[in-house]
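Engineer: Sequence first, predicted coordinates after that:
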Amino acid sequence: MTNKHLGNQTSAALRMDDGVEAELKNTTQQDCGWLSRNLLLVLTVLGVIAGTVMGMMLRYVPDLDTNTLMMVSFPGDVLMRMLKMLILPLIISSLITGLAGLDARSSGRMGTRAMVYYMSTTVIAAVLGVILVLGIHPGNPKLRSGQVSSAPRNQEVSSLDAFLDLIRNLFPENLVQACFQQVQTVLKKVAIPVQNQTEPILVNRKKLELKWGMNVLGLIGFFITFGICMGKMGERGKLMSDFFNILNEIIMKMVSMIMWYSPVGIASLICGKIAAIGDLEVVARQLGMYMVTVIVGLIIHGGLILPVIFFAVTRKNPFMFYSGIFQAWITALGTASSAGTLPVTFRCLEENLKIDKRVTRFVLPIGATINMDGTALYEAVAAIFIAQMNDIALDGGQIITVSMTATLASVGAASIPSAGLVTMLLILTAVGLPTQDISLLVAVDWLLDRMRTSINVVGDSFGAGIVDHLSRAELAVIDGDIPLSDEEFVPPPPLLTEIDLIDPLKPPELPPRSPRPPKLNHHAPSLTPSQSQSHSIPHSPRSVRSPSPHSIRSPSPRSVCSHSPRPFRTHSPRLLRRMEPGYCALPTHDNQITTLPRGFRERGRDRERDRERDRERDRERERLRERERDKGSETEEDEEKEKMVDEASDGEESDDTAYDRRHTIPPCDLP
């Protein structure tokens, strides 16, 4: 017993060891599987950490010259060039392929939803920035002591000029030129000669000049129209649609290859920026509260407001959505470019979150251009911060002007690094603030630019998720998975059943009877020989009368139709004896006798065949008329053919009419 007990304990211990080993093996496999699936994300996070640590270490290197910083930042510059290289073909292929799979109605609704979301979140971000900067009050006039102004003076750049430039760039005059240049209004000093004076007078005049930079807004406007028109062509535009689909797949494969280089490039960019900061302590002391205000606003907007909007609309977990776009967020944090992060955002939404490609290809390029939530918040905070630093009190109207101008300026801001500093001139000019103090913000813009760009990308991604949720039913209708809505659904004609084909106002339809011997009285009802022997029917026409409701006997509940499993209420046994096999009497609302013969389904098919034949004749006549109109005169051959068609239609009797004529008899009179 002892040996047996020891053996059982040994077996149990071995089984326990096997179970623990199997559990450890499964856990190891799961960890390895997660690591293999998220290896790129892990490497990107490690690149951010390594770049920060290396940049802090390089600050302690003596005599750090410009050439060394350039070599440190070189891998990051290569990454930015590769990403910018793919922006143009990615925008073109994504917009065209996304809109080609939609009809005009669906794309219009989708665009309306995206624009409402983008403008709403941008206004919310600007208002949030104003509230925070007024509450925290980071500006202090003492910060300007010892600062040398290096920014250009206000050159009377009005917000109206910027708005007109936005409209001009939306409609480029040269599509090829829009790939690398855009229009901008500038002030030029023009020499005007004056009589009796040797020196002319210099006057500022507004002129339109071309500046370097891709006109993304104009390209988006053109290719949105191109994609919608191509989608309306149907099968004729399928070849072009296939071409752009293949182009989009090629670009996405190139993006996947470039992303494996992104950890090195992001580490290089962050390291070079941190190492290039002059005196970090002075910057932190002067602009610390300003940075805290902007960062807190971005965290509230990206971590609270956007997830709440997403949950309120979709009823889905926003933090699971965050986990799917974490790679795009890290890339935006390193590159500081919404357009440069666009390929990664496509990949995260389509592969990780399974967002419909038609939604991402339509919504994301527009969002990367006009949806700048972080930029709107940053510009509102920066404008009021400069006012506080100059000890300028802003009234309610000026604060509202700052909010609205920050919203509009963020829409027109290019999706490139440090574009917010350029549009900051518009806000300061609209409120009448000095523009030379922008130089104070340059020292910390490298960090805030990355943070606001990451919030811009998060806002674009949440917008794509919301639009996909709201447009899922329309996309399913386009795919043919579900029927249209009640307003759009056109029901097919109802199928006729045997009961539907019965008309209670018509006389009963009976099958043809067998030949009967001649009768003496034409007005007497027809009876079989057995009925003639057992019943005596008067020969006077006056004795023939119609059955009244009181003369019909009560039906038997067991009487059934000989061809139907469902029982029918019938009338008198005498009437049943007069009916052929396969028929039964069916009472109607006016107690008329209606029979239900066999072959109603066949008759329905015959009627449908007759209708189809009539429709074919009508189509033949219409073709003849069109041919006559094209020729200008009617030929003899067409006249003869149309005459033959008319004679055939007039002389031929349809199967349904022949059936009714043969099988319809007047109601029977009972004695």
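Structural biologist: Noted; the coordinates are in hand. Numbers count the residues shown, from 1 in each chain.
Engineer: what residue ranges in the stretch 151-300 of the chain score low on pLDDT?
Structural biologist: Scanning the stretch 151-300 of the chain for pLDDT under 70 picks out 151-159, 278-279, 282-283.
Engineer: One more pass at 90, please.
Structural biologist: Low-confidence segments of the stretch 151-300 of the chain (pLDDT under 90): 151-170, 174-221, 223-239, 241-242, 245, 248-249, 251-263, 265-267, 269-291.
Engineer: could you show me where the helices are in it, in order?
Structural biologist: 159-170, 216-232, 238-259, 262-275, 280-300 (DSSP state H, counting those that start in this stretch).
Engineer: Over to the stretch 351-500 of the chain?
Structural biologist: Going by DSSP H, counting those that start in this stretch, the stretch 351-500 of the chain shows helices at 357-370, 373-389, 396-412, 419-431, 442-470, 472-479.
Engineer: And the ones you listed, which one averages the lowest pLDDT?
Structural biologist: Note on these: lowest mean pLDDT is at helix 419-431, with a mean of 67.
Engineer: domain parsing for this protein?
Structural biologist: 44-59+66-144+153-479, 503-516+553-671 (automatic domain parsing).
Engineer: Specify the stretch among the ones you listed that is closest to Asn38.
Structural biologist: Closest approach to Asn38 among these (CB to CB): domain 44-59+66-144+153-479, 8.4 Å. Yep, even glycine has a C-beta here, placed from its N, CA and C like the rest.
Engineer: With respect to Ser36, which of the domains of the chain lies nearest?
Structural biologist: domain 44-59+66-144+153-479 (13.6 Å).
Engineer: what are the bridge partners for Lys211, then?
Structural biologist: Note on Lys211: beta-bridge partners by DSSP bridges are Gln182.
Engineer: Just confirm it contacts Phe180, I think it does.
Structural biologist: No. If you go by CB atoms under 8 Å, Lys211 and Phe180 don't touch, sitting 10.3 Å apart.
Engineer: Quick one: residues contacting Tyr467.
Structural biologist: Tyr isn't right for residue 467; it's Val. Val467 makes contact with 110, 113-114, 117, 359, 363, according to CB atoms under 8 Å, 6 or more residues apart in numbering.
Engineer: winner for burial among the helices of the stretch 151-300 of the chain?
Structural biologist: Mean neighbour counts were taken over these using mean count of other CB atoms under 10 Å, and the top value, a mean of 24, falls to helix 262-275.
Engineer: Remind me what that one packs against, helices and strands.
Structural biologist: Judged by 3 or more CB pairs under 8 Å, 6 or more residues apart in numbering; DSSP states H and E, the packing partners of helix 262-275 are helix 39-58, helix 66-85, helix 326-335.
Engineer: What separation do you get for the nearest residue to Ile258 once chain neighbours are set aside and Tyr378?
Structural biologist: The shortest distance from Ile258 to any non-neighbouring residue, by CB to CB, 6 or more residues apart in numbering, is to Met82 (5.1 Å). According to CB to CB, to the nearest Å, Met82 and Tyr378 sit 27 Å apart.
Engineer: what's the answer for Thr435, then?
Structural biologist: Distance, Thr435 to Tyr378, using CB to CB: 16 Å.
Engineer: Quick check on those two: which one has the bigger neighbour count.
Structural biologist: Taking Thr435 and Tyr378 together and counting by other CB atoms under 10 Å, Tyr378 has the greater number of neighbours (30 against 20).
Engineer: Could you list the low-confidence segments of the stretch 451-600 of the chain?
Structural biologist: Residues of the stretch 451-600 of the chain that meet the cut-off, pLDDT under 90, sit at 452-453, 471-600.
Engineer: what do you get if the cut-off is 80, keeping everything else the same?
Structural biologist: Along the stretch 451-600 of the chain, the parts satisfying pLDDT under 80 run over 477-600.
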